[in-house]
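Asker: fold the following and give me the result.
(2 chains)
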Amino acid sequence: MEAYRQEIILGAVVVYMLFCVLTGLWAMQRTRSPSDFFIAGRGLGPIVIALALFSSTLSGFGFVGGPGLVYSIGVSSFWMVVISSTGYAVGFFLVAKRIRMIAELRNCISLPDIVAARYRSEAVRFLMAVTIVLGVMGYLATQILAMAVVMQAILTGTAMFADISLVACVIISSAVLIFYCVTGGIIASVYTDVVQGTIMMIAGTLILFTAMSVFDGGMAEATSIILADDSEAIMPFGAAGIMASLGWFFVFGLGLAGQPHIITKMMMNKNISDNRSILPMSLFGYIMAALLWISIGVVIRAAVIDGVIDPLALPDDAASVFLSVFASPLLAGIVFAGLFAAIMSTSDAFLNIGTAAIIHDIPKAIRGHSVNNELFWARVVTVLLAIVAASFALYSHYTDATLVAILGAFGWATFSASIFPVVAIGLNWKGATVMGAVTAIVAALLINFVVQLGGIVLPYGISGGLVSFVTSLLLFIGVSLLGKPPELDADIESVLNI
Amino acid sequence: MRSSLILIIFAIVILIAGVLIAISLAQPVANSGGIPHPDISGMQAGGDGAARLEYIGSLAFAFQCLLLGLVVCLCALGVSARRRGREFMIYMGSSLGFMLIVWWQMYSRHQEFLESGSTAYFMGFPIATAWQVYGTWLSAIPLILIYSIGFRKYIYTREDEEKFNHLLAERKVVEQKLSENKASESQ
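Answerer: This next block holds a predicted model:
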């Protein structure tokens, strides 16, 4: 079996991609309206939503960047993972019920639709849509690039595709993503998420058992090797220190309820009462999949320190080195398919919300109505958005690597800082005002931009994302308290009372 | 408590901002955010753990206590004000207590290690890290249980469901009238 390692891995990835294409074709027959395309007609069951929620949360960053971070900074990065239970709890308490109610009551198909209804403001809708488009461009470009890099690594290991270029890999992987997103919209997206989530859970569990068998003494031996080398790296705050760690708890924990690609899925369930089972199921799935992050990272760091393997050229190589050295070809195939699943499940969610912002929300905010024939334009813009993001990723890769990084700053932290107060608090506090919302969004964007562009390093590992999040919370509540309590539409006020 | 929850949240965020400012102004330590590993490129090391916490340890501890308080207050904000009765607040208070105990155990076990230089292991990790990995994950489980088990009592009661269905029916009537008016205008 070892002689056919690359072929087995390639076969697993091809089977997975074929499944995505077939799902797109199947979902196309069920997609008849913009509501079907963007929010699956609010008709999804609890298991589908639960798997879609957690698989969208754990992107390629979790499968590639996560183990790399443990290799690089030790336990510090665990904080991004262990906050998941807190993050999901906050998200469901604050967002899940009311976003679903307003979506049905006002026939909303996007997050900006929700805030426009809540605040009776097109300005808030516009700012929310612009924030989403900026964030989506950065996120999508990095995901497409990651997908292509992984594909190139797999294909160059085979004799037939030994010389395949990165551009070709971008085209192949993007084509599959675009196909199922365009044909089947969010229906294809969430049903592929179901399989993607399942693969990720299986991969996470199998990797944990493999990782525990690398050292005779199991995980305890691996952690004791790290402890002997540098105790802080395996202690709770890792190499990056206590404030970097607790900052991640803040930004990733509370911030989960501010991620548009995640909370938009909370609008799609058939019954509001399903939320009671969706929450524990999502969390269970996330924990199973995240085992990969922790176990690979710890074992690779210990193996390098112990001299079992050579130091990595790049921290992000941790997962692929682990798979090539310690995993059987079959497991490597499943995990590589899981890696594509993680990247694609996040990418399709971003494509969907980005498209909604461009064809539905920005036109509505500017001229009072969205484009005619939304379904047709949704498909066209999905293709264009993916092409622009792919081109942007390639341009950045070959000419200016900082471009994706700059827009990448409009990732999780910016979404957390700009969306959490406006949506998560705004849906639960009648005193939240338009001025508070506008101030919070603008401040969050500005602070993240300035810290990123200025290369500002704060003391004790305090992140710019944490500062912008705390500032936007302060401004949102403070400015709202200073203003006159807003008048709400009667139906929205009733929802906020329920 | 009910009407002042947003003010409590605001006060906690102000205190968090104050703690962050105090930490920023504290005496800097060279390895506070990690240092390059002496032998392996691409790897960071933490170095002297006690030195890193010398000036900000208690502030960071307070930061996390405030953050956990903020988490629980935000979850309570998500529940309708009239359902935040005594029983609910006891549950939420107990959840906060559980989260604070986990945090305190993690922090104090790390302090013990820094003083003694030795540690026991639990399920593959040094004790302090085990509190972080398993404890932090588990510490929010009470909140999830309150949400899932108490869903029909606190989050979305049968009465809430009826109210919402009534709202939907009202909305449909309004929309129907609007479409009829539009149709008559166009004729």
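
Asker: every contact and neighbour count from this point should use C-alpha atoms.
Answerer: Will do.

Asker: please list the residues of the stretch 1-150 of chain A that sit near chain B.
Answerer: A:71-74, A:78, A:82-86, A:89-90, A:93-95, A:97, A:101, A:105 (CA under 8 Å from any CA of the partner chain).

Asker: kindly recompute the last result at 7 Å.
Answerer: On the criterion CA under 7 Å from any CA of the partner chain, chain B has as its neighbours in the stretch 1-150 of chain A the residues A:Tyr71, A:Ser72, A:Ile73, A:Val82, A:Ile83, A:Ser85, A:Thr86, A:Ala89, A:Val90, A:Phe93, A:Leu94, A:Leu105.

Asker: any chance of these in TSV, plus secondary structure and neighbour count?
Answerer: Listed next are the residues of the stretch 1-150 of chain A next to chain B as TSV, based on DSSP: H, G, I helix; E, B strand; the rest coil; neighbours: other CA atoms under 10 Å in any protein chain shown:
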residue	secondary structure	neighbour count
A:Tyr71	helix	31
A:Ser72	helix	30
A:Ile73	helix	31
A:Val82	helix	23
A:Ile83	coil	26
A:Ser85	helix	26
A:Thr86	helix	27
A:Ala89	helix	31
A:Val90	helix	29
A:Phe93	helix	26
A:Leu94	helix	25
A:Leu105	helix	21
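
Asker: state the number of residues packed around A:Val308.
Answerer: 10 (other CA atoms under 10 Å in any protein chain shown).

Asker: is it in a helix, a strand, or coil?
Answerer: Here A:Val308 is recorded as coil under DSSP: H, G, I helix; E, B strand; the rest coil.

Asker: distance of it relative to chain B?
Answerer: Counting by CA to the nearest CA, to the nearest Å, the gap between A:Val308 and chain B amounts to 14 Å.

Asker: again with A:Ile154
Answerer: In this view, A:Ile154 and chain B are 24 Å apart by CA to the nearest CA.

Asker: the longest helix in the chain is where?
Answerer: Since no chain was named, I'll use chain A. For chain A, the helix with the greatest residue count under DSSP state H is helix A:166-212.

Asker: my bad, chain B
Answerer: When chain B is parsed with DSSP H, its longest helix is helix B:86-116.

Asker: helix or strand right after it?
Answerer: Past helix B:86-116, further along toward the C-terminus, the next helix or strand under DSSP states H and E is strand B:121-122.

Asker: list the buried residues for the helix or strand hosting B:Ile16?
Answerer: B:Ile16 is part of helix B:5-25, with elements assigned from DSSP H and E. Neighbour-count burial for helix B:5-25, with 16 or more other CA atoms under 10 Å in any protein chain shown as criterion, is recorded at B:5-6, B:8-10, B:12-17, B:19-20, B:23-24.

Asker: quick check: pLDDT value at the residue nearest the centre of chain B.
Answerer: The residue at the geometric middle of chain B, judged as the C-alpha nearest the mean C-alpha position with CA atoms, centre = their mean, is B:Val71 (3.1 Å). B:Val71 carries a pLDDT score of 97 in this model.

Asker: SS state for the residue in the stretch 301-450 of chain A that chain B sits nearest to?
Answerer: Closest residue of the stretch 301-450 of chain A to chain B, CA to the nearest CA: A:Asn428 (5.8 Å). Assigned state for A:Asn428: coil (three-state reduction, three-state DSSP).

Asker: doesn't B:Cys75 make contact with it?
Answerer: No - taking contacts as CA atoms under 7 Å, A:Asn428 lies outside contact range of B:Cys75: 10.1 Å.

Asker: shared neighbours of the two, anything?
Answerer: Overlap between the neighbourhoods of A:Asn428 and B:Cys75 consists of A:Leu94, taking contacts as CA atoms under 7 Å, 6 or more residues apart in numbering or on different chains.

Asker: which of the two has more neighbours?
Answerer: Set side by side, A:Asn428 and B:Cys75 give different neighbour counts by other CA under 10 Å, the larger being at A:Asn428 (25 against 20).

Asker: buried residues in stretch A:269-278, which are they?
Answerer: Residues A:Asn269, A:Lys270, A:Ile272, A:Ser273, A:Asp274, A:Asn275, A:Arg276, A:Ser277, A:Ile278 are the ones in stretch A:269-278 that count as buried (16+ other CA under 10 Å).

Asker: for stretch A:478-498, same thing?
Answerer: Residues of stretch A:478-498 classed as buried: A:Gly478, A:Val479, A:Ser480, A:Leu481, A:Leu488, A:Asp491, A:Ile492, A:Val495, A:Leu496, A:Asn497, A:Ile498 (neighbour count, 16+ other CA under 10 Å).

Asker: now swap in stretch A:435-452 and tell me
Answerer: Counting neighbours by 16+ other CA under 10 Å, the buried set in stretch A:435-452 is A:435-445, A:447-449, A:451-452.

Asker: in helices only, show me the residues you listed.
Answerer: Secondary structure assignment by DSSP H places A:435-445, A:447-449, A:451-452 of the buried residues of stretch A:435-452 in helices.

Asker: looking at those, spot the one nearest A:Ala332.
Answerer: Using CA to CA, A:Gln452 comes nearest to A:Ala332 of those, at 36.1 Å.

Asker: let me know the pLDDT of that closest one.
Answerer: A:Gln452 carries a pLDDT value of 76.

Asker: helix or strand: which one has A:Ile109?
Answerer: Secondary-structure element containing A:Ile109, defined by DSSP H and E: none, the residue being outside all helices and strands.

Asker: next, it: phi, psi?
Answerer: With angles defined as degrees, to the nearest 10, A:Ile109 sits at phi -120, psi 0.

Asker: swap in A:Ile164?
Answerer: Main-chain dihedrals, A:Ile164, degrees, to the nearest 10: phi -60, psi 140.

Asker: what is the least confident helix or strand in chain B?
Answerer: helix B:158-186 (a mean of 85; mean pLDDT, DSSP states H and E).

Asker: next one: chain A
Answerer: When the helices and strands of chain A are scored by mean pLDDT, DSSP H and E, helix A:402-408 comes last with a mean of 57.

Asker: and after that helix, which helix or strand comes next?
Answerer: Toward the C-terminus, helix A:402-408 is succeeded by helix A:412-419 as the next helix or strand (DSSP H and E).

Asker: residues making contact with that next one?
Answerer: For helix A:412-419, with CA under 7 Å, 6+ apart as the criterion, the contacting residues are A:251, A:255-256, A:258-259, A:440-441, A:444-445, A:448, A:465, A:468-469, A:472.

Asker: rerun at 6 Å
Answerer: Taking contacts as CA atoms under 6 Å, 6 or more residues apart in numbering or on different chains, the residues outside helix A:412-419 that touch it are A:Gly255, A:Gly258, A:Gln259, A:Ile441, A:Ala444, A:Gly465, A:Phe469.

Asker: from those, which ones fall inside helices?
Answerer: Per DSSP H, the subset of the contacts of helix A:412-419 in helices is A:Ile441, A:Ala444, A:Gly465, A:Phe469.

Asker: mind putting those in TSV, distance to A:Leu166 included?
Answerer: As requested, the ones in helices among the contacts of helix A:412-419 are exported to TSV (distance: CA to CA, whole Å):
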residue	distance to A:Leu166
A:Ile441	37
A:Ala444	35
A:Gly465	32
A:Phe469	36
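
Asker: turn these into CSV, including pLDDT and distance to chain B.
Answerer: Compiled in CSV, these are given as follows (pLDDT from 0 to 100; distance: CA to the nearest CA, whole Å):
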residue, pLDDT, distance to chain B
A:Ile441, 94, 17
A:Ala444, 93, 15
A:Gly465, 90, 13
A:Phe469, 95, 10
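
Asker: hmm, which two among those residues are most spread apart?
Answerer: When those are compared pair by pair using CA to CA, the two farthest from each other are A:Ile441 and A:Gly465, 13.2 Å apart.
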